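Trainee: Pasting a predicted model and its sequence here:
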Amino acid sequence: MNILNKAIVLIALTSSSAAFAFEALDFDTLDVDDNGVISQVEAAEDAELLNRFAERDTDQNGELSKEEFSKA
């Protein structure tokens, strides 16, 4: 495989990984039990979200509403 082909493959893989990472941040995807909030257990699916959970949980009720989630 020449250098150009390797570069194209690398770009394609990186782009698809970024798309999957973005999807993982989708509220509805993370709200597994479909109750309209994201619990800390559900947030554990995304390490960055879990690390910032307390910061985003502005009402400190242990859950993220859609509004809290969207204020990234």
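Mentor: Cool, got the structure. Numbering: from 1, shown residues only.

Trainee: which stretches of this protein have low pLDDT?
Mentor: 1, 4-25, 72 (pLDDT under 70).

Trainee: what do you get if the cut-off is 90, keeping everything else the same?
Mentor: Applying pLDDT under 90 to the chain flags residues 1-25, 71-72.

Trainee: can you map out the helices along it?
Mentor: If DSSP state H is used as the criterion, the helices of the chain fall at 3-24, 27-30, 40-43, 47-51, 53-56, 66-70.

Trainee: Please identify the buried residues of the fifth one?
Mentor: Same thing as helix 53-56. 53, 56 (16 or more other CB atoms under 10 Å). For glycine as for every other residue, the C-beta is placed from the backbone atoms N, C-alpha and C.

Trainee: then it to PDB, C-alphas only?
Mentor: Backbone C-alpha positions of helix 53-56 (Å, rounded to 0.1, in the frame of the first residue of the first chain) are rendered in PDB as follows:
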ATOM      1  CA  PHE A  53     -21.300  14.800  35.700                       C
ATOM      2  CA  ALA A  54     -21.300  16.800  38.900                       C
ATOM      3  CA  GLU A  55     -20.500  20.000  37.000                       C
ATOM      4  CA  ARG A  56     -23.400  19.500  34.600                       C
END
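
Trainee: Can you spell out which helices and strands pack onto that helix?
Mentor: In terms of contacts (3 or more CB pairs under 8 Å, 6 or more residues apart in numbering; DSSP states H and E), helix 53-56 is packed against no helix or strand at all.

Trainee: Mind listing residues that contact it?
Mentor: Under the contact criterion CB atoms under 8 Å, 6 or more residues apart in numbering, helix 53-56 has outside partners 40, 43, 49, 60, 64, 68, 69, 71, 72.

Trainee: which one of those has the most neighbours?
Mentor: Counting neighbours by other CB atoms under 10 Å, the top entry in the contacts of helix 53-56 is residue 64, with 26 neighbours.
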